[in-house]
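**Q** Here is a sequence together with a model predicted from it:
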Amino acid sequence: MELRGYDAIVTLQSSASQLASSQDRRIKSAEEPRLDWWSIAAIAPAIVILVGFLLLFFYGVYQSLTDLRFGRPLVHFIGLNNYAALIKTEDFWNSIRATLVYSGSAVLAEAAFGLALAKLFATEVFLARVMRPVILLPLVLPPMSVALMWTTMMDPQNGIMNYLLSLVGIGRFAWISDPVTAMFSLVLIDVWTYTPFFALIIFAGLQGINEEVREAARVNGAKGLATFLHIEQPLIAPYILIAAVFRLIESLNQFDIIFGTTQGGPGNSTSVLSVRAYITAFQNLAFGRGAALMVVNWLIVLVGTFAMVKLWRFVRQRVS
Amino acid sequence: MSAACEKLKAADPTITPLGVRGVRFWSSIHTAAISIARSYGVHDFTVKDGKLDTGLDSPESIAFHKDYVDMIKKCAAPSFANDNWYQVVEGINSGRTAMAIDSNMFGFWNDVAGKPASGKIAFAPPLRAPNAKNFESNIWIWSLAMNAASQKKGAAWLFIQWATSKQVKLNGAVAGKLVNSPRTSTWTDKAWLEYAAKPEFNNFVDTFKSVQDRAKLAFTARVGFAEAMNAWAVAMQKMVNGADVKATLTDLAAEIRSTM
C-alpha cells in the first residue's frame, strides 16, 4: 500500500513537474521574440500602402508650413504663418461658413428625402418597383458631368429649369448666377445626385426589420405612422447615421459639383474650402497657403466624422 | 452702350444685348475689362516712390468700374457670373446675343462660309471712356519659349524658327483660320488678304488694322499675375451683384498689396 501510495505520489509529482516544465517552456517561448516572416510578408503591402498614404499626407501638412509658391526659388519653413494669415481674412471665415452650410444642408435634405424614397421603395406600389433601379442613375454619373448638365439647365435665360417654372406661373429664378440663390442651387444639385445613396442604405435597413416586430405592433393597436415612428425609425436610425457619415465626409470635401458650376462664385458666395484651396494652389500658385486650407478642411472633416461616429455608436447601443 | 442695350431689349426681350465674360478668373479681365479700363487711365500696377503698387483703387479705376458695372447690369446676360468665352461664342453663333466684347477671332471663325452666323458678324474697336480720345486694346498672344535648362537648344531654336516662319504663319492663317498673324508678311500676302476680305468677314481687315496700331499688353508682367487678376474678377462679380464700388476696390487693393 505504502509502495503503491509512494508510486502514486512519485507519478503525480512527476506529472506535475512535467506540466510545470512544459508551461515554463511555453511562457519562455512566448517571451522570446520570434520573427514570423510569412506573416510580415503577408501584411507588407498593406503597411507600404499605409505608410505611402501617411507620407503624402504629412508632406501636405509640411507644405502648409512653408512659403512654397510659383516663382520663388527657395522654400522657407514659416511655421504657422500661413494659418495665421488665413484666419485674419474675412474670405477664410466665409469659406468655413460656406463649407458647413453646404454640407449640413445637403446631408439633412438627403437624409429626409432618402428616408421618404426608401419608404416608398419598401411598398409594393408598381411605380416604386419600376423606379427602384432608375433612381440610382444620378449616383453613377461623374460629378463633373452632373455639374455641366445642371449649369446648362440652370441658365437663367435659356435654361430648362426656368422654362418649367414658367409653366406653373413662376417668374425667372437666378439659380447659380446670383449670390443669394447660388448656395441653394448647389445644395439642390447635391441632393439630386446623392439622395439615392441614402435611399439605398435606408431601404436595406427597412428590409432588415423582422416582420414579426411590425406584426406585434399592429396586434397592439399601432397604426402606420405610430409603427414607423416608434418601431421602424429607431431601428433604421443607425443606417441613416452611417449613410450620413459617408455623405458628410464627401460633402465637406465636395469640389467637382461646385467648381463645375459656380467655381465658388458669384463673388465668394459658394467658395467652400476645397474650391478656395484649389484656386489658391493651382490658380494663384500659392501652394503653401493652399495646403494650409486643405489641412483646415481635413480637420473639419475629422471632427465632423468623429462626432457622427460617436452619435452612431450611441444610437446603435440604444437600439441593441 | 447702355442706351443701345435698352433699345435692343425693347425690340426683342429674348435677346441678350451684350456677351461678355464674367467668371471669377483673370480670363474675364483680359478681354473687355482691361481694354476699356485702360481708356479711363486705369493701370493694374504703377510705380510709386520706386515701389510697385496697385492702381485699382485710383479715382480713374472707380470711375471705370461704376460705368462698367452699370453696363453689365443693363447689357449682359443674367448668367454673367458663369459666362466664359465659350458662352460668349455660343451667343453670337446662335444669334441669341446681339453684340460681344471679346477676341476678334471668335467673330471671324463664325463668319466663315457655311457657319450659321456666316456674314452676320461685323467688327469694331473696343469701347472707350466718354472723355477719351482713343480706344485702347489689350493684346493677348500665345508664344513659344525655350527653357534655359534645355539640353537641345539648337533643336528648340530650329523648331521655333520653323513654327514662326513666313510660310507656316501664312498657311496657318489661310488654311487653319489662325487669324491675327503677328507676321507683317502675312498681312501683305495677296492670298491671305483676298481670303480675309471676303464679304462674309465684313470689316474684319479694316478693324484689325485700326486696332493693331493701339493694341499692346495692358497688364504688368509680374509673378503673382494670376492671384491679383483673379481677385479683380471676384471683386467685379461682387460689384455687379450690388457691392459698393469704392469700398470693394479699396478691399481689392488691400488684398493685392498684402500679397506683394
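**A** Received it, and whenever you're ready, just let me know what you need.
**Q** Nearest residue to A:Trp175 in space, ignoring adjacent ones along the chain?
**A** Once its chain neighbours are removed from consideration, A:Trp175 has its nearest residue in A:Met154; the separation is 3.7 Å (CB to CB, 6 or more residues apart in numbering or on different chains). C-betas here are computed from N, CA, C, even on glycine.
**Q** Would you enumerate the residues in contact with the residue nearest to A:Ala122 when sequence neighbours are not counted?
**A** Beyond its immediate neighbours in the sequence, the residue positioned closest to A:Ala122 (CB to CB, 6+ apart) is A:Leu206, lying 4.7 Å away. Listed by CB atoms under 8 Å, 6 or more residues apart in numbering or on different chains, the contact partners of A:Leu206 are A:Ala118, A:Lys119, A:Ala122, A:Glu232, A:Ile236.
**Q** which stretches of the chain have low pLDDT?
**A** Using chain A. Along chain A, segments meeting pLDDT under 70 span A:1-33.
**Q** ah, no, chain B please
**A** Where chain B is concerned, nothing drops into low confidence, which here means pLDDT under 70.
**Q** Which residue lies nearest the spatial centre of chain B?
**A** Closest residue to the average C-alpha location of chain B: B:Thr31 at 1.9 Å, with CA atoms, centre = their mean.
**Q** Any idea how many residues pack against residue 241?
**A** This is for chain A. As a burial measure, the neighbour count of A:Leu241 was computed by other CB atoms under 10 Å in any protein chain shown and equals 20.
**Q** not what I meant, chain B
**A** B:Asn241 has 21 nearby residues by other CB under 10 Å.
**Q** quick one: it from chain A, how far?
**A** Here the distance between B:Asn241 and chain A works out to 5 Å (CB to the nearest CB, to the nearest Å).
**Q** Test my guess that that residue contacts A:Gly265.
**A** No: under the contact definition of CB atoms under 8 Å, B:Asn241 does not touch A:Gly265, with a separation of 9.2 Å.
**Q** Identify the contacts common to the two.
**A** With CB under 8 Å, 6+ apart as the test, B:Asn241 and A:Gly265 both reach A:Pro179, B:Ala81.
**Q** list the buried ones in stretch A:134-148?
**A** A:Ile135, A:Pro138, A:Pro143, A:Val146, A:Ala147 (16 or more other CB atoms under 10 Å in any protein chain shown).
**Q** mind listing what the last one touches?
**A** Applying CB under 8 Å, 6+ apart to A:Ala147 gives the contacts A:Ile189, A:Asp256, A:Ile257, A:Ile258, A:Phe259, A:Gly260, A:Thr261.
**Q** in chain B, which spans are strands?
**A** B:16-19, B:45-48, B:51-54, B:97-100, B:137-138, B:215-216 (DSSP state E).
**Q** mind checking how far the residue nearest to A:Trp175 is from A:Leu302?
**A** Remark: distance between A:Met154 and A:Leu302 (CB to CB, to the nearest Å) = 33 Å.
**Q** Looking at those two, which one has more neighbours?
**A** Neighbours of A:Met154 and A:Leu302, each counted by other CB under 10 Å, are more numerous for A:Met154; the result is 26 against 12.
**Q** Let me see the backbone angles for that one.
**A** The phi/psi pair for A:Met154 (degrees, to the nearest 10) reads phi -90, psi 10.
**Q** so what's it up against?
**A** For A:Met154, the contact set (CB under 8 Å, 6+ apart) comprises A:Met161, A:Trp175, A:Ile176, A:Ser177, A:Ser185, A:Thr261.
**Q** Please report phi then psi for the residue of chain B most remote from its centre.
**A** Seen from the C-alpha centroid of chain B, the residue lying at the greatest distance (CA atoms, centre = their mean) is B:Gln151, 36.4 Å away. With angles defined as degrees, to the nearest 10, B:Gln151 shows backbone torsions of phi -90, psi 0.
**Q** can you tell me the helix or strand for the residue minimising distance to the centre of chain A?
**A** Residue closest to the mean C-alpha point of chain A, counted by CA atoms, centre = their mean, is A:Phe246 at 2.5 Å. According to DSSP states H and E, A:Phe246 maps onto helix A:233-252.
**Q** Please name every helix or strand in contact with whichever helix or strand comes after that helix.
**A** For helix A:233-252, the following helix or strand on the C-terminal side (DSSP H and E) is helix A:256-261. For helix A:256-261, the elements it packs on are helix A:143-153, helix A:179-207, helix A:273-278, judged by 3 or more CB pairs under 8 Å, 6 or more residues apart in numbering or on different chains; DSSP states H and E.
**Q** hmm, who's touching helix A:256-261?
**A** A:102, A:142-144, A:146-148, A:150-151, A:154, A:176, A:185-186, A:189-190, A:193, A:264, A:270, A:272, A:274-275, A:278, B:82.
**Q** Could you do stretch B:207-215 as well?
**A** For stretch B:207-215, the surrounding residues in contact (CB under 8 Å, 6+ apart) are B:104, B:123-126, B:134-139, B:179-180.
**Q** before we move on, what about stretch B:240-248?
**A** A:178-179, A:266-267, B:22, B:62, B:65-66, B:69, B:72-73, B:80-81, B:235, B:238-239.
**Q** buried residues in it?
**A** Buried positions in stretch B:240-248, judged by neighbour count with 16+ other CB under 10 Å: B:Val240, B:Asn241, B:Ala243, B:Val245, B:Thr248.
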